[in-house]
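Undergrad: sequence plus the predicted model coming up.
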Amino acid sequence: MAFTNEQLERYSRHILLKEVGAKGQKKLLNGKVLIIGAGGLGAPIALYLAAAGVGAIGIADLDTVDLSNLQRQVIHTTADIGKAKVQSAKETMQAINPDVQVNTYQIYVNAASIMDLIQDYDFIIDGTDNFAAKFLINDACVLQKKPFSHAGILRFGGQLMTYVPGEGPCYRCVFREPPPPDAIPTCRQAGVVGAMGGVIGSLQAMEAIKFLIGKGDLLTGKLLTYDALTMEFRRIKLPGRKDCAVCGEHPSITEPFDYEVPACDLKAEGESHENSPEL
Amino acid sequence: MDIKIDENLDITDVVCPVTFVKTKVALDELDDGQILAVRLNDGEPVQNVPRSVKEEGHQILKLLHNDDGTYTLLVKKVDDE
Amino acid sequence: MTIIVAGDKKEYAEGTTLAALIEKENIDSPQYVTVSLNDDFVESGAFADTVLKDGDNIEFLYFMGGGA
């Protein structure tokens, strides 16, 4: 595949980099990344990956755009209110970069759908907002040996880690089970600064890009935490867990399953919620 | 000295940074030791492109002044990977 | 003795247990916090019996479930 003059100009700032170059840009153009959740994290991820020329980007979310999303979900505009988030995201991504193929999945990602969904992608990104989805994505990716980026954001904080099969612990090694429903606050109850999605989502996009071009060190075996109030980043080493229920030596989890989503995290009247079941 | 040119590239129709981007992409396609001949304009391209090529670790063999006011830069690809 | 708590060097009395440290450090909802000591996770049931020693490196890993 030869670059067109337009592509050379569009991707010039990548191609100029020694670590990317023409080869790396081709890897990006041939790369396939799935983003689960088109919300606070998913929005910047989708924008940067589309701009970077990642060839095929899947985006999964059941919801429609709501006014309360616009404080942080920068891929959607006021005119998109009521539109399916995946459609709104696709339109913005293709307006930025027509090179990119955007696959939309307006579905609730659950145990029944996730294995087929992730199958065709090189790298998966968790941009969901509830523990049930985060554990489901972890388990499915471990079972299918897919690398993925996990992240969570809340108030003025955020954290992320990257799983690569055989290269470090999974999310379940660190947090064995979801906390009981409503034990830990979510953004919906506790709030979040919109820019937090930008900070952490951009870091997730960076992990996907590094994975695709095969350069640099990923956050495997590390949890990167960010506190916006103290402006402190910390990279915490994560031990593995030999008895992990999904990636350990004798796994008890051999297929994905659904946890119950806490009642207060379910879609409320007139509100929208990433990846929540339809009620 | 007789230099065997493996690939030719004309960057007189583009401006910075596409001048160097095209040169870099053309070099990426070559094997270690192959020679690229780049036709480039006077001014900014002739000042910057040879320097950037050198910074990438490739070897500049010659910079020839052509009759039409353009230059031809002969670069030997150095693949250190 | 000097121990490293979430990246910061701190002085604690000899014999301090992990349970006592968690109380002193005002860790919120400790039952939902994953604790790593040097290069291993410590189960919550073992906090009271885990006696810290000089140079130990303790990290607290918190659930963060938001993203939308």
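TA: Done, it's in.
Undergrad: for residue 53, which residues are in contact?
TA: Defaulting to chain A. Residues counted as contacts of A:G53 (Cβ atoms under 8 Å, 6 or more residues apart in numbering or on different chains) are A:Q7, A:R10, A:Y11, A:H14, A:Q25, A:L28, A:L29, A:N97, A:D99, A:V100. For glycine as for every other residue, the C-beta is placed from the backbone atoms N, C-alpha and C.
Undergrad: not what I meant, chain C
TA: Per Cβ under 8 Å, 6+ apart, neighbours of C:K53: C:M1.
Undergrad: for it, phi and psi?
TA: Main-chain dihedrals, C:K53, degrees, to the nearest 10: phi -130, psi 160.
Undergrad: then the one 10 residues further on?
TA: Backbone torsions of C:F63, given as degrees, to the nearest 10, read phi -60, psi 140.
Undergrad: now it. Nearest residue, chain neighbours left out?
TA: A:I184 (4.7 Å; Cβ to Cβ, 6 or more residues apart in numbering or on different chains).
Undergrad: what is the neighbour count of the one you found?
TA: 22 (other Cβ atoms under 10 Å in any protein chain shown).
Undergrad: that one: which element?
TA: Secondary structure from DSSP states H and E places A:I184 outside every helix and strand.
Undergrad: how about the contacts of A:G53, which pair is most distant?
TA: A:H14 and A:V100 (14.1 Å; Cβ to Cβ).
Undergrad: mind checking how far A:Q71 is from B:R39?
TA: The spacing between A:Q71 and B:R39, counted by Cβ to Cβ, to the nearest Å, is 53 Å.
Undergrad: same question, A:I75
TA: 43 Å.
Undergrad: assign a three-state SS to B:L9, would you?
TA: strand (DSSP: H, G, I helix; E, B strand; the rest coil).
Undergrad: and it, what are its bridge partners?
TA: Judged by DSSP bridges, the bridge partners of B:L9 are B:V38.
Undergrad: correct me if wrong: it contacts B:I35.
TA: No: using Cβ atoms under 8 Å, B:L9 is not in contact with B:I35; the gap is 11.3 Å.
Undergrad: need the overlap of contacts for the two.
TA: With Cβ under 8 Å, 6+ apart, B:L9 and B:I35 have no common neighbours.
Undergrad: where does pLDDT dip in chain B?
TA: B:1, B:81 (pLDDT under 70).
Undergrad: now the helices: where do they sit in it?
TA: Residue ranges of the helices in chain B, as given by DSSP state H, are B:18-29, B:44-55.
Undergrad: can I get those in TSV with mean neighbour count and distance to chain A?
TA: TSV is the format used below for the helices of chain B (neighbours: other Cβ atoms under 10 Å in any protein chain shown; distance: least, Cβ to the nearest Cβ, whole Å):
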stretch	mean neighbour count	distance to chain A
helix B:18-29	22	4
helix B:44-55	16	8
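Undergrad: now those helices in a markdown table, with distance to A:F233?
TA: Below are the helices of chain B laid out as a markdown table (distance: least, Cβ to Cβ, whole Å):
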| stretch | distance to A:F233 |
| --- | --- |
| helix B:18-29 | 33 |
| helix B:44-55 | 31 |
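Undergrad: around the residue nearest to A:L17 when sequence neighbours are not counted, how many other residues sit close by?
TA: Once flanking residues are discounted, A:L17 sits nearest to A:G24: 7.5 Å by Cβ to Cβ, 6+ apart. Counted with other Cβ under 10 Å, the burial measure for A:G24 works out to 22 neighbours.
Undergrad: what are the ranges of the strands in chain C?
TA: All strands of chain C, identified by DSSP state E, fall at C:2-5, C:8-11, C:34-37, C:40-42, C:57-61.
Undergrad: the last one: which residues count as buried?
TA: Think strand C:57-61. Within strand C:57-61, the residues that count as buried by 16 or more other Cβ atoms under 10 Å in any protein chain shown are C:I58, C:E59, C:F60, C:L61.
Undergrad: that older thread, let's have the helices of chain B in CSV, adding distance to chain C.
TA: Shown next, in CSV, are these (distance: least, Cβ to the nearest Cβ, whole Å):
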stretch, distance to chain C
helix B:18-29, 36
helix B:44-55, 38
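Undergrad: who wins for proximity to A:I253 among these?
TA: helix B:18-29 (43.9 Å).
Undergrad: so which elements touch the closest one?
TA: When contacts are defined as 3 or more Cβ pairs under 8 Å, 6 or more residues apart in numbering or on different chains; DSSP states H and E, helix B:18-29 packs onto helix A:5-10, helix A:12-15, helix A:21-29, strand B:7-10, strand B:35-40, helix B:44-55.
Undergrad: and of the ones you listed, who's closest to A:Y163?
TA: Once those are compared by Cβ to Cβ, helix A:21-29 is nearest, at 20.1 Å.
Undergrad: quick one: residues in contact with that closest one.
TA: By Cβ under 8 Å, 6+ apart, helix A:21-29 touches A:1, A:3, A:11, A:14-15, A:17, A:20, A:52-55, A:99, A:209, A:212-215, B:24-25, B:28-29.
Undergrad: ok, the nearest residue to C:N57 once chain neighbours are set aside - contacts?
TA: Once flanking residues are discounted, C:N57 sits nearest to C:I4: 4.5 Å by Cβ to Cβ, 6+ apart. Shown in contact with C:I4 (Cβ under 8 Å, 6+ apart): C:K10, C:G55, C:D56, C:N57, C:I58.
Undergrad: got the confidence number for the spatially closest residue to the last one that is not a sequence neighbour?
TA: Spelled out, it's C:I58. Among residues not flanking C:I58 along the chain, C:V5 sits closest, at 5.2 Å (Cβ to Cβ, 6+ apart). We have a pLDDT of 97 for C:V5.
Undergrad: show me what contacts C:V5?
TA: Taking Cβ under 8 Å, 6+ apart as the test, what C:V5 contacts is C:L21, C:E25, C:I58.
Undergrad: now tabulate those residues in TSV and tack on pLDDT and distance to A:V193.
TA: Shown next, in TSV, are the contacts of C:V5 (pLDDT from 0 to 100; distance: Cβ to Cβ, whole Å):
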residue	pLDDT	distance to A:V193
C:L21	97	30
C:E25	96	25
C:I58	97	28
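Undergrad: quick one: which of these is nearest C:G65?
TA: C:E25 (22.3 Å).
Undergrad: the closest one: what's it in contact with?
TA: Contacts of C:E25 (Cβ under 8 Å, 6+ apart): C:V5, C:F60.
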